[in-house]
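[1] fold the following and give me the result.
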Amino acid sequence: MVSVALTAPKRRVLRRIWLTVIVLPATAALLPAQTLVVGTGDPQIDVPAVQAAVDQGGAVVLKGSFSFDMLPTKPSGSGYGRMVTVSQPVAISGEPDENGELPVIQGGFVPFFVQAPGSRIAIERLHFVRSAGVAIWVYAAGGLVIAGCRLEGVEPSAEFASYYSAVVPFAGAILVGSNPVPPKAGQDEQAENNTGTFSIYRNDIDVGGTAADATAGVVVFGVGTSPDYEVDVYITGNTIRNVTERVFSINTIGGRVYIERNIITTGTLSAPSNGVTPDAINIVGAGAYLIAHNTIISEWATGAGILVQGNPGLSEANAVIVDNVLTMPASKGAIFGGNSGGIIIQGFAQRNAVLNNRICGRGRAALVVGLKGAGIPGSNTFVGNDFSGFTSSQADLLVDAGVSNTVVVGAPSKVEDHGVGTVVVPMQ
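    From the prediction side, this is the model:
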């Protein structure tokens, strides 16, 4: 193990770093060196110490309480501020204290910015408190694990909103992608910067936010390209709550995305000021998607539980949405917006399969197949979905005008069909 011992008076820049090398037995000689960094609570010491450790690569172990509460840096040639830049293969993990509490990273604008093309990165067992902008931004990596972390109260930031082209202060828990702006056809996403397997799992995320600002949970924009630089993205087993815009926002993926066994509670506040709808799971554009076994409590009267959409030049097809449980506990007098729905398929979205989901509560509709601008969905299939515990203000199943070849197996009690070639088959 390599141990970093830190001694410096409070509020002074780090003066000395001593490295103590422990000679390992021959059987352990091939194990990567470990660097231990102990937090002091002084950002002038903690931030440089963590940066020095991750610059060595290998395994970095953090212990204690760290303060990142200081002004961010912008390296030459970059327009994005951050506290610590991860630029080579490294596994950063936290060592719990004697009470089992994770090491704390307090404050800081983008505490970890990963810019390590082709490198595998792991960030595990850390507790981020009041990060600003976004807690972890993966700009480029050749494989990623973010696991067992706790993210508590991400602070909306006007600076981060300017990166995101948002009009109100914005924050997110985790961002993966070289361009924080939602992808558009013909836009350079530098998607080849992120390749390999990305796993975001078993994290506990409480984002926060108010109706005056916008917050998101996990955002993955424009990563991977087919067939040469594909990705596999796993977002599994996370618990996430209190988001004002989109909980999972996934847009234009060159590869496969698995969103499974997450527990989502949106909270009641929504901030539509950025011109987007609040959705628990929002899928847009290319990619092969499996959305399965998630538990979603969508408390917005204006938002969707799961929304799958294709945009002009970024069509979407063949998603499988199966065995999810969605609860929409709107109050009896709630006024439902045009985006209120359990599962919504819209725009340039084709050949999606919605199977064996259970939708409970109240809303405009349980299932919607809808237009979005010039986008007309087609050939979408709904089989065995249960909305016996759902009360709709408009219809259990709503099919917009011009939507083609929708197949529904298992007849809902209230159907509003304006589509072409819709087939509804009762289940015996």
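
[2] count the neighbours of E245 for me.
    E245 has 31 neighbours, counted by other CB atoms under 10 Å. In short, each C-beta sits where N, CA and C put it, glycine included.

[3] oh, that last question was meant for P75, not what I typed.
    Around P75 there are 12 other residues, counting by other CB under 10 Å.

[4] correct me, but it touches T85?
    Yes - when contacts are counted by CB atoms under 8 Å, P75 is listed as touching T85 (6.6 Å).

[5] any buried residues in stretch 146-165, and which?
    Residues of stretch 146-165 classed as buried by neighbour count (16 or more other CB atoms under 10 Å): 146-152, 154-157, 159-161, 163-164.

[6] the closest residue to S392 other than its chain neighbours sits in which helix or strand?
    Excluding its sequence neighbours, the residue lying closest to S392 (CB to CB, 6 or more residues apart in numbering) is A365, at 5.3 Å. Assigning secondary structure by DSSP states H and E places A365 in strand 358-370.

[7] now that strand: average pLDDT?
    The pLDDT scores in strand 358-370 average 95.

[8] name the next helix or strand following it along the chain.
    Counting by DSSP H and E, the element after strand 358-370 in chain order, helix or strand, is strand 381-383.

[9] by mean pLDDT, flag the weakest helix or strand of the chain.
    Least confident helix or strand of the chain, by mean pLDDT, DSSP states H and E, is strand 17-21 with a mean of 31.

[10] what is whichever helix or strand comes after it packed up against?
    Going down the chain from strand 17-21, the next helix or strand is strand 34-38, by DSSP H and E. Where contact means 3 or more CB pairs under 8 Å, 6 or more residues apart in numbering; DSSP states H and E, strand 34-38 is packed against strand 2-6, helix 43-55, strand 58-63.

[11] what ranges do the helices span in this structure?
    43-55, 158-164 (DSSP state H).

[12] make a markdown table out of those helices and add mean pLDDT and distance to E316.
    Listed next are the helices of the chain as a markdown table, based on pLDDT from 0 to 100; distance: least, CB to CB, whole Å:
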| stretch | mean pLDDT | distance to E316 |
| --- | --- | --- |
| helix 43-55 | 98 | 37 |
| helix 158-164 | 90 | 22 |
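
[13] can I get the ones you listed in CSV with distance to V104?
    Shown next, in CSV, are the helices of the chain (distance: least, CB to CB, whole Å):
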stretch, distance to V104
helix 43-55, 11
helix 158-164, 21
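
[14] nearest to K372, of those?
    Of all the helices of the chain, it is helix 158-164 that lies closest to K372, at 21.2 Å by CB to CB.

[15] could you measure from the residue nearest in space to the middle of the chain over to V154?
    Closest to where the C-alpha atoms of the chain average out (CA atoms, centre = their mean) is V218, at 1.2 Å. Distance, V218 to V154, by CB to CB, to the nearest Å: 12 Å.

[16] shared neighbours of the two, anything?
    Counting by CB atoms under 8 Å, 6 or more residues apart in numbering, the shared contacts of V218 and V154 are G172, A173.

[17] do you know how far the closest residue to P72 other than its chain neighbours is from W137?
    With CB to CB, 6+ apart as the criterion, P72 has its nearest non-adjacent residue at 3.5 Å, and that residue is G81. Separation of G81 from W137 (CB to CB): 10 Å.

[18] same deal with I200?
    As for I200, its distance to W137 is 13 Å (criterion: CB to CB).

[19] shared neighbours, these two?
    Shared contacts of I200 and W137, defined by CB under 8 Å, 6+ apart, are found at I174.

[20] of the two, which one has the most company?
    I200 (28 against 25).

[21] partner residues bridging that one?
    I146, I235 (DSSP bridges).

[22] next, the contact list for it, please.
    Taking CB under 8 Å, 6+ apart, we find I200 in contact with L144, I146, A147, I174, V176, V218, V233, Y234, I235, T236, N238.

[23] change it to 10 Å
    Shown in contact with I200 (CB atoms under 10 Å, 6 or more residues apart in numbering): 123, 136, 138, 144-147, 149, 173-174, 176, 218, 220, 233-238, 248, 259, 262.

[24] next one: V233
    144, 176, 194, 197-200, 218, 220, 223-224, 250, 253, 255-259, 287, 289.

[25] from those, list the buried ones, please.
    By neighbour count, with 16+ other CB under 10 Å, the contacts of V233 hold 144, 176, 194, 198-200, 218, 220, 223-224, 250, 253, 255-259, 287, 289 as buried.

[26] looking at these, which are in strands?
    Taking DSSP state E as the definition of strands, the buried ones among the contacts of V233 contribute 144, 176, 198-200, 218, 220, 223, 250, 253, 255-259, 289.

[27] mind showing which ranges of the stretch 51-200 of the chain have poor pLDDT?
    186 (pLDDT under 70).

[28] thinking A173 is in contact with V247, fair?
    Yes - with contact defined as CB atoms under 10 Å, A173 and V247 form a contacting pair (9.3 Å).

[29] so between those two, which is more surrounded?
    V247 (32 against 29).

[30] which residue packs closest to the more buried one, ignoring adjacent ones?
    The spatial neighbour of V247 that comes closest, neighbours along the chain excluded (CB to CB, 6+ apart), is G217 at 4.2 Å.

[31] was I right about the one you found contacting I174?
    Yes - here G217 reaches I174: they are 7.5 Å apart, a contact under CB under 10 Å.
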